[in-house]
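>>> Just the structure for this:
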Amino acid sequence: MKSSDVIDPAVLEMPFAVNGDKNNIPATNTPSSGYASQSLGFPPITQEEPEDGGIPPDRKDFNGLGYITTSHSFYSQIGSLYTFSESVSAAIGGYPSGAKLWYTDAENKVRLLVSLKDDNTDNFITTPSVIGPEGSWNDVIASDEFVAQNYINKDRVNNCLMSVGASVWASLSGNELSLTAEIICTIPDERDSKGVPQSLSVTLPSGTKTTLDTSSEGSWFILAADGSLSSLAQENFFNGTYPTPTSGKKYLVFDELKNAFFFSDTGSAYEKISCAIVGEYEVSGSTAADLTLYQPYTLATQTDVARMIKIINNKIQLVSAVPANAESNVLYCIAES
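A predicted model of the protein is given here:
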């Protein structure tokens, strides 16, 4: 079908039989009554011959059926939007997961919300607190400004730098690492009761120092914690698996299911540790070198992404470069249903 084949629907000046006599079409009805219902339609008795006990369909049922079907079409045609309805919610046992309803908030902004659970009876009109990533309703589409303020939830971005005072935020003198600019990082902090990742925000001021570990050659991570910096050999970092602790060895494990780091030192049992990986360095001949400083994530809106990519033959292609000032990683947070 082509767009030119689409036929404009007939204009409804009013719902069918809006002023006529009509029956209310209930959800159920007694089949032997001959009246229509939403569950059965016209019961079988209406197709039987009268001499065999059949009951002719009621004209008022036809009017009622036409009214309930066209009333929704008329409602949409005049530009009305469906929002939360207590009567609808009660009739269907709550809205299903994925249901989308419109909402005008306290700032008179119109938003499209999606249900995040089945049997959803939470009324976002009377109780706006149920709206949000951790609630029972969340936004589907919104302006870039709204996305930036609401979708980009920094409490859910983990194990990264969120802000640095300068792109080169640390210097190395011998084996001593010194912060030359303030850094702000997010530290994984387990999950809430609904399984949503949480994080802590930690600020390390310019001047914070640490002596990097150079006890073995190879690649090392720089770790940031509350008020301090430390280091760990990359070979001792594990993602999701817990090696058996060995005396004289340090292990760092990131448990994605728990959204937290766990640490074992010199054979001890694993314990939760609050830290984030913010950089790397190499050790050669007991000397730290080749310092790599991680950069903050850039949180991009849907419009930002649209400027940079296009879809050709179902393949995403980059059509413009990431901005020159973005030496950072780019994390795309897109409001999408």
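>>> And the helices in this protein?
In the chain, the segments counted as helices under DSSP state H are 59-77, 86-92, 144-150, 302-308.
>>> distance of the nearest residue to Y82 once chain neighbours are set aside from S129?
Counting by Cβ to Cβ, 6 or more residues apart in numbering, Y82 lies nearest to L101, which is 5.8 Å off, once chain neighbours are set aside. Quick note: C-beta positions are derived from backbone N, CA and C, even for glycine. With distances defined as Cβ to Cβ, to the nearest Å, the gap from L101 to S129 amounts to 16 Å.
>>> gap between G174 and N23?
Taking Cβ to Cβ as the criterion, G174 is separated from N23 by 91 Å.
>>> With neighbour numbers in mind, choose between the two.
Legend: neighbour count by other Cβ atoms under 10 Å for G174 and N23, higher for N23 (17 against 10).
>>> okay, L101 and S129: which has more neighbours?
Neighbours of L101 and S129, each counted by other Cβ under 10 Å, are more numerous for L101; the result is 21 against 8.
>>> ok, the more buried one to E107 distance?
Per Cβ to Cβ, L101 is found 18 Å from E107.
>>> Not counting residues beside it along the chain, what's closest to P50?
Nearest residue to P50, sequence neighbours excluded (Cβ to Cβ, 6+ apart): P56, at 7.0 Å.
>>> Settle this for me: the one you found is touching E48, isn't it.
No: if you go by Cβ atoms under 8 Å, P56 and E48 don't touch, sitting 9.6 Å apart.
>>> Quick one: neighbours of P56, just the number.
A total of 12 residues lie near P56 under the criterion other Cβ under 10 Å.
>>> Who are the contact partners of it?
Residues counted as contacts of P56 (Cβ atoms under 8 Å, 6 or more residues apart in numbering) are 34, 46, 50.
>>> One more: D122?
Neighbouring residues of D122 by Cβ under 8 Å, 6+ apart: 130, 135-137.
>>> same thing with Y251?
Neighbouring residues of Y251 by Cβ under 8 Å, 6+ apart: 236-238, 242-243, 245, 263-264, 270.
>>> Quickly list what it is bridged to.
Taking DSSP bridges as the rule, Y251 bridges to S264.
>>> re earlier: lowest-confidence member of the contacts of Y251, which is it?
Minimum pLDDT across those is recorded for P245, with 86.
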